[in-house]
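*Asks:* take a look and give me a structure for this.
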Amino acid sequence: MRILVIGRGGREHAIIWSLKKSDKVKEIFCAPGNGGIASIAECVDILEDQFEEISQFVLENDINFVVVGPDDPLAAGIVDFLEAKNILVYGPRKNAAIIEGSKVFTKNLLKKYNIPTAAYETFENYDEAIAYLHKQGAPIVIKADGLAAGKGVIVAHSLEEAEKALKDIMVDKVFGTAGTQVVIEEFLQGQEMSLLAFVDGNVVRPMTPSQDHKPIFDNDLGPNTGGMGTYSPLPHIPQSIIDEAIATILKPTAEAMVKEGRPFRGVLYAGLILTATGTKTIEFNARFGDPETQVILPRLETDLLDIFLATVNGRLEEMDIQWSNEAAVCVILASDGYPGTYPKNLPITGLNDVEESLVFHAGTALKDGQLVTNGGRVLGVVGRGTTIKEAREQAYRDAERIYFEGKQYRTDIAMKALV
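*Replies:* Have a look, this model is predicted:
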């Protein structure tokens, strides 16, 4: 098969890397791709939101199958657009991708179907939001309703932080129309867990769980990012808790979407928190996580393309999906200044010195034959081993071998699994 993957990040690099293992894959293209993806697929100079150009490329180049990576085109309806042109595509339609595209929709859905989540209120009026904030106090969580590149959630530990977040989102519109509405919800304490699943309507096939590290600095300090590292499996979290989360959150949510006339087909990502009163839902995403994908797919033993094709053909229930016992740890190498402003076009060296780890490119580009930085999160270094400790040591050894000016990374990825 000839496949087009849409996207440009570490998630898409990992998806392509996994798809290339299939003996059914003849050629893979990526729109627009990045400097690292270019080494394993043919990059096409088409942006993720250029639906007409994407469809033209598919039809003119005999592409058999399209896989959509990022959230923005899914929320904007790329799957509906391509299906209308009889193009086979993997991902949720627009009316199902709303589970990520609108936090207000998702919170109301969870409330309606009694799916565990934090207590909350939603607001369109800034003054009403401020009044509620002062009534509740801090710590508290402020969420922009729409998509905000993974940065629209602010965990405010003081009223001043919370007030600033509301002003930024609702008054100054730092996230544009994503901040037309906000969710203000209770602050929950506990370990977080990312639990993804392949889903086709009522059929839910959970993936191996992982844990993300959102804040920029060690010990979960500093502002939230798109994710500074992940690991899988989670040896410190009992299987009974994972099974309960599947039974009380993932499956009921998929069933709720069917009941709402919004059947979900694709990857459903549940961001969960393990509290003293049980596991609760933080958020849902409508696609593979980044950087969760970088540790999940290296552990997948079943052909990824087979899973995708079974889903779009309504046969996911027949799939027996297998995972390896291997551990994987991903350390994100980020640009200086991220998640704020950061430089670009800085030369990257040392990749040829990486001995064992997988390296998935996120924000890279090729400039006159030289690999350079082109984003906030630049590379994901994935170590693998029989234990988390072994995988972690490998990832950090190889992370040290890579250099670009201002390189920053957390040094405590996966430490929670070793305590």
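*Asks:* which residues touch the nearest residue to Val267 once chain neighbours are set aside?
*Replies:* Sequence neighbours aside, Phe288 is the residue nearest to Val267 in space, at 5.1 Å (criterion: Cβ to Cβ, 6 or more residues apart in numbering). Heads up, the C-betas are built off the backbone N, CA and C, glycines and all. The contact partners of Phe288, by Cβ atoms under 8 Å, 6 or more residues apart in numbering, come to Arg11, Ala14, Ile15, Gly69, Leu196, Val267, Tyr269, Ile296.
*Asks:* can you rerun that using 10 Å?
*Replies:* 7, 11-12, 14-15, 67, 69-71, 196, 207, 266-267, 269, 294, 296-297 (Cβ atoms under 10 Å, 6 or more residues apart in numbering).
*Asks:* pull out the buried members of those.
*Replies:* When the contacts of Phe288 are checked for burial by 16 or more other Cβ atoms under 10 Å, the buried set is 7, 11-12, 14-15, 67, 69-71, 196, 207, 266-267, 269, 294, 296-297.
*Asks:* next, the buried residues of stretch 369-385.
*Replies:* 371-385.
*Asks:* in strands only, show me the residues you listed.
*Replies:* The strands, defined by DSSP state E, take in Leu371, Val372, Thr373, Arg377, Val378, Leu379, Gly380, Val381, Val382, Gly383, Arg384, Gly385 from these.
*Asks:* beta partners of the fourth one?
*Replies:* Partner residues in beta bridges with Arg377, using DSSP bridges, are Ala334.
*Asks:* can you tell me how far it sits from Glu400?
*Replies:* Distance of Arg377 to Glu400, given as Cβ to Cβ, to the nearest Å: 18 Å.
*Asks:* okay, now the domains of this structure?
*Replies:* Here the domain parsing of the chain from automatic domain parsing is 2-93, 125-180, 191-318, 327-417.
*Asks:* for Ile115, which of these is the nearest?
*Replies:* Across these, Ile115 has its closest neighbour in domain 191-318 (5.3 Å, Cβ to Cβ).
*Asks:* so what's Arg401 up against?
*Replies:* Arg401 touches Thr349, Gly350, Leu351, Asn352, Asp353, Val354, Glu355, Ser357, Val359, Val381, counting by Cβ under 10 Å, 6+ apart.
*Asks:* ok, and the closest non-adjacent residue to it?
*Replies:* Nearest to Arg401 is Asp353, by Cβ to Cβ, 6+ apart, at 4.2 Å.
*Asks:* wouldn't that neighbour be in contact with Ala399 here?
*Replies:* No - proximity of Asp353 to Ala399 does not meet the contact threshold set by Cβ atoms under 10 Å, at 11.2 Å.
*Asks:* more neighbours: which of the two?
*Replies:* Ala399 (24 against 11; other Cβ atoms under 10 Å).
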